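> kindly return the folded structure for what I paste below:
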Amino acid sequence: MKQIGNSHVYVTPFSDRLPAPLFYRAESMLADSSYLEHSHSWGEFVYSFSGVMEVRLADSHFIAPPPYGVWLPPHTEHRGQNRDTTSFCSVYISAEYLQKLPERPCILAVNPLMRSILEYLREHFHGLPLHAEDQRLLMVLRDQLGLAECAGSYLPDSQDSLLAPVLRQLQLNPGDNRSLAAFAKTVNTTERTLIRRCKQELGMTFSEWRQRLRVMAALSMLAQGQTVETIAFDLGYSSASAFIVMFRKLMGMTPDEFRKGQAI
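Numbering: from 1, shown residues only. Predicted structure coming up:
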């Protein structure tokens, strides 16, 4: 790792070949860090235990909070980065084990079995030489990745001339509760036009995108130790209970359960 200004830059540990056809590595990154852009001849699955990993490709930007991870097929040029302190892992899969895995980069949903295996390996992975029990767990994990739902990008972006300014306004203030019709007026268009652009550009409704943005903001605020009540009001909710309902719907757990899980 080297420091450039206030940022920390990491270099991928494997450049030419993997230590084993299936391999696991857990890592922590300081806030405001990144990996140099690179590619490799094997596939890689990146999962964040705490914090949020962002992966930038030439034509897309993947953001994957738990319970999602980023799948990168071989020869994908990418650069990893994060805004807050992050603990994550990478599962490396060589060409001979890529059957049934997606051929394009995407976000994959992590089911409870996959998360349990990733957590177990985080604590007990033996490294080299690769132990038989680690090999078996990695094979199960490979199979589960092949069955996982491909979710596209968790928080898709857009360069659309009308939609992009609206998304930027919300990113600057996730707690902004203005309606889509009100946002449409700021870019001199109609609500109907923005509804259509959301479907075309984001693959989801404006409401769903805003909820996902608020989850992303909440994860960072939870990591900083802010109370659920403070987070709820800062993100535009009328009560902590309304925020908790939304968070549980999208994350499968309450904010407090999520925070306790990150402390394990």
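
> phi and psi next, for the residue lying closest to residue 79 once chain neighbours are set aside.
Leaving aside its sequence neighbours, residue 79 sits nearest to residue 37 (Cβ to Cβ, 6 or more residues apart in numbering; 4.2 Å). In this view, the C-beta of every residue, glycine as well, is placed from N, C-alpha and C. Phi and psi for residue 37, reported as degrees, to the nearest 10, are phi -60, psi 140.

> next, count neighbours for residue 37.
13 (other Cβ atoms under 10 Å).

> neighbouring contacts of the helix or strand hosting residue 146?
Residue 146 belongs to helix 132-147 when assigned by DSSP states H and E. Contacts with helix 132-147, where a contact means Cβ atoms under 8 Å, 6 or more residues apart in numbering, come from 22-24, 45, 71, 91, 93, 97, 99-101, 108, 111, 113-114, 117-118, 120-121, 125-126.

> tell me the helix or strand right after that helix.
Counting by DSSP H and E, the element after helix 132-147 in chain order, helix or strand, is helix 163-172.

> how far does that following helix sit from its chain's centre?
Distance of helix 163-172 from its chain centroid, counting by Cα atoms, centre = their mean, to the nearest Å, is 20 Å.

> show me the longest helix that occurs in the chain.
helix 206-223 (DSSP state H).

> which of the contacts of helix 132-147 fall within helices?
With DSSP H as the criterion, helices contain 113, 114, 117, 118, 120, 121 from among the contacts of helix 132-147.

> now the fifth one, nearest residue through space, not along the chain?
Using Cβ to Cβ, 6+ apart and skipping residues adjacent in sequence, the residue nearest residue 120 is residue 137, 7.0 Å away.

> how about the first one?
If the residues on either side of it in the chain are set aside, residue 113 comes closest to residue 144, at 6.2 Å by Cβ to Cβ, 6+ apart.

> per-residue pLDDT, that neighbour?
Confidence at residue 144, expressed as pLDDT, is 97.

> neighbours of residue 44, how many?
Using other Cβ under 10 Å, residue 44 has 26 neighbouring residues.

> show me what contacts it?
Contacts for residue 44 were tallied using Cβ under 8 Å, 6+ apart; they are 71, 72, 90, 91, 92, 93.

> now tell me which helix or strand of the protein has the poorest mean pLDDT.
strand 2-4 (a mean of 53; mean pLDDT, DSSP states H and E).

> buried residues in whichever helix or strand comes after that strand?
For strand 2-4, the following helix or strand on the C-terminal side (DSSP H and E) is strand 7-10. For strand 7-10, a neighbour-count test (16 or more other Cβ atoms under 10 Å) marks 8, 10 as buried.

> parallel or antiparallel, list what pairs with strand 7-10.
Next to strand 7-10 in the sheet, as set by DSSP bridges, lie strand 2-4 (antiparallel), strand 33-35 (parallel).

> got the contact list for the last one?
For strand 33-35, the external contacting residues (Cβ under 8 Å, 6+ apart) are 1, 7, 8, 9, 10, 11, 12, 79, 80, 81, 82, 86.

> now do the longest helix of the chain and helix 163-172, the angle between them.
Per axes from the mean of the first three to the mean of the last three Cα atoms, to 10 degrees, the angle that helix 206-223 makes with helix 163-172 is 30 degrees.

> the helix or strand in which residue 249 is found: what's the following helix or strand?
Using DSSP H and E, the element containing residue 249 is helix 240-251. Later in the chain than helix 240-251, the nearest helix or strand by DSSP H and E is helix 255-262.

> let me know the average pLDDT across that following helix.
The model assigns helix 255-262 a mean pLDDT of 78.

> again, but for stretch 64-80
Mean predicted confidence for stretch 64-80 is 90.

> buried stuff in that stretch?
Buried-residue list, stretch 64-80, by 16+ other Cβ under 10 Å: 64-73, 76, 78, 80.

> between the two ends of that stretch, how far is it?
Criterion Cα to Cα, to the nearest Å; first-to-last residue distance in stretch 64-80 is 11 Å.

> centre of the chain to it, how far?
8 Å.

> before we move on, what about stretch 147-160?
10 Å.
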